[in-house]
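**Q** give me a 3D structure for the following:
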Amino acid sequence: MKKIVLACGSGIATSTAVAQKVTDLLNSNGYTGQFNIVQCAIAEAKSQCDGAAMLISTTVAPNDLPCPYVNGVPFLTGVGRPAAEQQILDLMAQ
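**A** Take a look at the predicted model:
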């Protein structure tokens, strides 16, 4: 089971919207039941990244993250979304 940390400013609003899109992406690519999404505020992201496959954030990520970072803004704007989706799929395949 891969842990995916999804962060936004408060851990409620935009992370919830992105969480559904990431879930749909992963389920449609054969990862159903193989991941767990943990939502948090960006201030908590660094501590939540312990053992995580990736951090997806809709805001600026902190420095020195212990896990790979994926920009979540493309899931809100649509700009650059295919590249962000591919980055997530690549990290899941590792």
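
**Q** what mean pLDDT does stretch 80-93 get?
**A** Average pLDDT, stretch 80-93: 98.

**Q** sorry, wrong one. I was asking about stretch 68-75.
**A** The average pLDDT for stretch 68-75 rounds to 96.

**Q** give me the contacts around that stretch.
**A** With contacts defined as C-beta atoms under 8 Å, 6 or more residues apart in numbering, stretch 68-75 is touched by 6, 8, 14-15, 17-18, 21-22, 53-58, 61, 79-81, 83-84, 87-88, 91. Where you see a C-beta, it was placed from the backbone N, CA and C, and this is true even at glycine.

**Q** could you rerun that using 7 Å?
**A** 6, 18, 21, 54-58, 61, 80-81, 84, 87-88, 91 (C-beta atoms under 7 Å, 6 or more residues apart in numbering).

**Q** kindly report the same for stretch 16-34.
**A** 1-2, 4, 6, 35, 37, 39, 56, 58, 72, 75-76, 85, 88-89, 92.

**Q** and residue 39, how many neighbours?
**A** As a burial measure, residue 39 scores 19 neighbours (other C-beta atoms under 10 Å).

**Q** all further residue positions should be reported with the first residue as 583.
**A** Renumbered: residue one is now 583, and that last one reads residue 621.

**Q** walk me through which strands whatever helix or strand it lives in pairs with, and which way each runs.
**A** Using DSSP states H and E, residue 621 sits within strand 617-623. Counting by DSSP bridges, the strands paired with strand 617-623 are strand 584-590 (parallel).

**Q** what mean pLDDT does the partner strand have?
**A** 95.

**Q** may I have the following helix or strand past the strand holding residue 621 exported as PDB, CA atoms only?
**A** Using DSSP H and E, the helix or strand that follows strand 617-623 in sequence is helix 627-630. C-alpha atoms of helix 627-630 as PDB (Å, rounded to 0.1, in the frame of the first residue of the first chain):
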ATOM      1  CA  ALA A 627       3.400  18.000   5.000                       C
ATOM      2  CA  LYS A 628       7.000  17.400   5.900                       C
ATOM      3  CA  SER A 629       6.000  15.300   9.000                       C
ATOM      4  CA  GLN A 630       3.400  13.400   7.000                       C
END
